[in-house]
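Q: Coordinates for the following, if possible.
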Amino acid sequence: MTDPEDLATRVREGELRIHELEEHTDHDTAAEARRLFVEGETGTDLESIGDYTFPAERADPNIENMIGAAQIPMGIVGPVDVNGEETGANDGGAADGEHYLPLATTEGALLASVNRGLGVIRTAGGADARVTKNGMTRAPVFRVKGVAEAAETVEWVNDNFDVLADAAESTTSHGELLDVEPYVVGDSVYLRFAYDTKDAMGMNMATIATGEACEIVESETPASLVALSGNLCSDKKPAAINAVEGRGRSVTADVLIPGELVEERLHTTADAIAEANTRKNLTGSAKAGSLGFNAHAANVVAAAFLATGQDEAQVVEAANTITTMDARRREDGTADLYASVSLASLEVGTVGGGTKLPTQSEALEILGLRGGGDPAGSNADALAEIIAVGALAGELSLLAALASRHLASAHEDLGR
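A: Residues are numbered from 1 along each chain as shown. As a prediction, the model looks like this:
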């Protein structure tokens, strides 16, 4: 085995570049050599960063210049009681029943709050959840001479969907092209490709498939490809198109909570929670120009993403969630609480990417959703539904705390 001290010295002296270490030794020794180099350069002790439990080689597809691992506390909430949509498979259908949801976060009181909401949802008989739309997008931008060539390109694309589908799907054994939506801005033509990527989050799959289809567009139309991503996708940034059209999975979860249960467990009323939601999440968000009309849905999404190996940067799209709360009157005048969250663009997968890392793989195993589902896509659908119910619980708990004016005291009680 190559001495890591020697490798660190060779990097320090410029004989080796820091990204070349795996060419001279195994992955764990390379990581150790980098730590030694960084410790020498910065005077920092990296003992905790270097204390990881999986072979560094397992992380090779997921990171470059590895020095160790970031350790984030992980807990579980639940059971998450989901009345999911059965998709006709054995244990691989969309979420149905009770699941424990792993969440990784550094925010104290988050899991306690979500658990409070989940307890109320369970007592109310569970939440309904459905994936209503599915489509991972990639939108290349093409250059044309003007509007005449733009119209010619759009006409060809609209008339030749099957040709584009054959080209795109030739690159993958799982992905399916669902739609190609053209947009014209002056001498730019954008084509928003949407794919069913089954149990993969599918960003890489969509990119490779779209690249193949773009070659056909260039050969058959006046358009010249400028960039494989023209930001109409739109990935990892706030975008109204994702809030309206969706990206990844669009999923909604809802629950009807009896008024007595709201008062007993949440210490407020359906009317008070509905008013808080309207004035805070709807009117307040509109005044702020927000794309998200919710209290803190991104909190649950981010914690679930970190725990289960999703692309954490895509939390920004999931944050455009809309939360609704409505007081529904019975004949006797008692108000029950209808609560829902609608996540237009929740980009999740149970295969590929970070889901293969040991810690994240174990977290998916807790959910019973590790790997591909039967039928294909059902595991990722189930994960989306469970996360949505977790987000619903978080919204319910926080809005109740605000309506009852218990938010500050709850943090004080938990010492957070």
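Q: use CA for all of it now, contacts and neighbours both
A: Will do.
Q: Look up how far residue 267 lies from the residue positioned nearest the centre of the chain.
A: Central residue of the chain (Cα atoms, centre = their mean): residue 347, 4.1 Å from the mean position. Plainly put, residue 347 is 35 Å away from residue 267 if you go by Cα to Cα, to the nearest Å.
Q: quick one, what contacts the closest residue to residue 255 other than its chain neighbours?
A: Closest residue in space to residue 255, ignoring its immediate chain neighbours: residue 127 at 4.8 Å, by Cα to Cα, 6 or more residues apart in numbering. By Cα atoms under 8 Å, 6 or more residues apart in numbering, the contact set of residue 127 is 81-83, 121, 253-256, 389.
Q: which of those has the weakest pLDDT?
A: Least confident by pLDDT among the contacts of residue 127: that is residue 83, with 86.
Q: what are the ranges of the strands in this structure?
A: Counting by DSSP state E, the chain has strands at residues 74-83, 97-104, 127-138, 141-143, 176-185, 188-196, 224-227, 248-257, 322-329, 335-346.
Q: sorry, back to before: is the residue nearest to residue 255 bridged to anything, and to what?
A: Note on residue 127: beta-bridge partners by DSSP bridges are residue 82.
Q: Identify each buried residue in stretch 302-316, please.
A: 302-312, 314-316 (16 or more other Cα atoms under 10 Å).
Q: got any ranges where the stretch 251-400 of the chain has weak pLDDT?
A: By pLDDT under 70, the stretch 251-400 of the chain contains no weakly predicted segment.
Q: Tell me where it has helices.
A: Under the criterion DSSP state H, counting those that start in this stretch, the stretch 251-400 of the chain contains helices at 259-266, 270-276, 285-288, 297-308, 315-318, 358-367, 378-403.
Q: so which of the ones you listed gets nearest residue 2?
A: helix 358-367 (26.1 Å; Cα to Cα).
Q: Convert the closest one to PDB, retaining C-alpha atoms only.
A: The C-alpha coordinates for helix 358-367 follow below in PDB (Å, rounded to 0.1, in the frame of the first residue of the first chain):
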ATOM      1  CA  PRO A 358     -24.600   2.800   2.100                       C
ATOM      2  CA  THR A 359     -26.300   5.100   4.600                       C
ATOM      3  CA  GLN A 360     -28.900   6.400   2.100                       C
ATOM      4  CA  SER A 361     -29.500   2.800   0.900                       C
ATOM      5  CA  GLU A 362     -30.300   1.800   4.500                       C
ATOM      6  CA  ALA A 363     -32.700   4.700   4.800                       C
ATOM      7  CA  LEU A 364     -34.600   3.600   1.700                       C
ATOM      8  CA  GLU A 365     -34.600   0.100   3.200                       C
ATOM      9  CA  ILE A 366     -36.300   1.400   6.300                       C
ATOM     10  CA  LEU A 367     -39.100   2.700   4.000                       C
END
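Q: ok, residue 149 - contacts?
A: Residues counted as contacts of residue 149 (Cα under 8 Å, 6+ apart) are 222-223.
Q: can you rerun that using 7 Å?
A: By Cα atoms under 7 Å, 6 or more residues apart in numbering, residue 149 lies in contact with residue 222.
Q: Same question for the one 3 residues further on.
A: For residue 152, the contact set (Cα under 7 Å, 6+ apart) is empty.
Q: Check it and give its pLDDT.
A: Taking residue 152 on its own, its pLDDT is 98.
Q: which one among the buried residues of stretch 302-316 gets closest to residue 191?
A: Distance to residue 191 across those (Cα to Cα) is lowest for residue 314, with 21.1 Å.
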